[in-house]
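Chemist: I would like the atomic coordinates for the input below:
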Amino acid sequence: MNTTMSEASSTSLRMAVEAARAAAKAAAHTAALILIEADGGRGRIHDGSHEQHGDTWCVVSSAHFTAHILSESHGDRAHVTLTGITPAAYEQMRTWAENRDDCRHDHGCVCLTAPWPTLAALSETPEECPIDYRRADEDERGSARLAFNRITVTLFYEPVTVVDTLLRIARSTPAADPETSK
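Modeler: Below you'll find the model as predicted:
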């Protein structure tokens, strides 16, 4: 009885794993470019790291966000921090995210009605407020914090497609005019 893998099988497996890794790395860099585009075309892609958020394919930085494209994904999920978000943009982001993840269960489910903190909740504390998933039994999704009339949102394991939309909402929402908001 032969108890070892054949050389051909071993080589085939190694080549398949290397091809999958190369495809995921290409997907991660494409995701990075998508996020830079969503933020107006400005940003940088850096080599991945092993420090802050585990292994990452790459790190994307811009004036408005930092994203670590996570290597535990196929290059399609990020640990991201969005900065300098206006209250109006945050409300649109929150509404979009909550509508996207709307509960589709029958009555009597345990889904959260407002998994993202409201502006009023953010205003009540200088601390970070948790952003949850719609289902109450899932881990924390991220956090939001209000400081100096700007909001910082951190999401831990978010699909790049969602981050793309949130960035586009943040960039397209004009800041409230102080004269008209009096």
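Chemist: residue 24: neighbour count?
Modeler: As a burial measure, the neighbour count of residue 24 was computed by other Cβ atoms under 10 Å and equals 17. Bear in mind the C-beta positions are built from the backbone N, C-alpha and C, glycine included.
Chemist: hang on, it is in a strand, isn't it?
Modeler: No. According to DSSP: H, G, I helix; E, B strand; the rest coil, residue 24 belongs to no strand; its state is helix.
Chemist: and it, what does it touch?
Modeler: Listed by Cβ atoms under 8 Å, 6 or more residues apart in numbering, the contact partners of residue 24 are 57, 71, 73, 74, 75.
Chemist: run the last query once more with 6 Å
Modeler: In this structure, residue 24 makes contact with 74, 75, judged by Cβ atoms under 6 Å, 6 or more residues apart in numbering.
Chemist: distance of it from residue 15?
Modeler: Taking Cβ to Cβ, to the nearest Å as the criterion, residue 24 is separated from residue 15 by 15 Å.
Chemist: what about the strands in the protein?
Modeler: Assigned by DSSP state E, the chain shows strands spanning 44-47, 56-61, 65-70, 77-85, 129-132, 140-147, 150-159.
Chemist: deepest-packed of those strands, please.
Modeler: Stretch with highest mean neighbour count among the strands of the chain: strand 65-70 (a mean of 25; mean count of other Cβ atoms under 10 Å).
Chemist: okay, the angle between that strand and strand 56-61?
Modeler: Taking axes from the mean of the first three to the mean of the last three Cα atoms, to 10 degrees, one finds strand 65-70 and strand 56-61 inclined to each other by 170 degrees.
Chemist: circling back to that earlier point, nearest to residue 19, out of the strands of the chain?
Modeler: For the strands of the chain, proximity to residue 19 was assessed by Cβ to Cβ; strand 56-61 is nearest, at 15.5 Å.
Chemist: give me the contacts around that closest one.
Modeler: 25, 28, 32, 35, 43-46, 48-49, 67-71, 75.
Chemist: lowest-confidence member of these, which is it?
Modeler: Checked by pLDDT, the contacts of strand 56-61 have residue 49 as the lowest-scoring entry (70).
Chemist: contacts only, for that residue.
Modeler: The neighbourhood of residue 49, defined by Cβ under 6 Å, 6+ apart, consists of residue 56.
Chemist: residue 94 versus that one, what's the distance?
Modeler: Taking Cβ to Cβ as the measure, residue 49 and residue 94 are separated by 30 Å.
Chemist: give me the below-cutoff pLDDT ranges for this protein.
Modeler: Filtered on pLDDT under 70, the chain yields the residue ranges 50-54, 104-108, 136-137, 175-182.
Chemist: great, nothing more from me.
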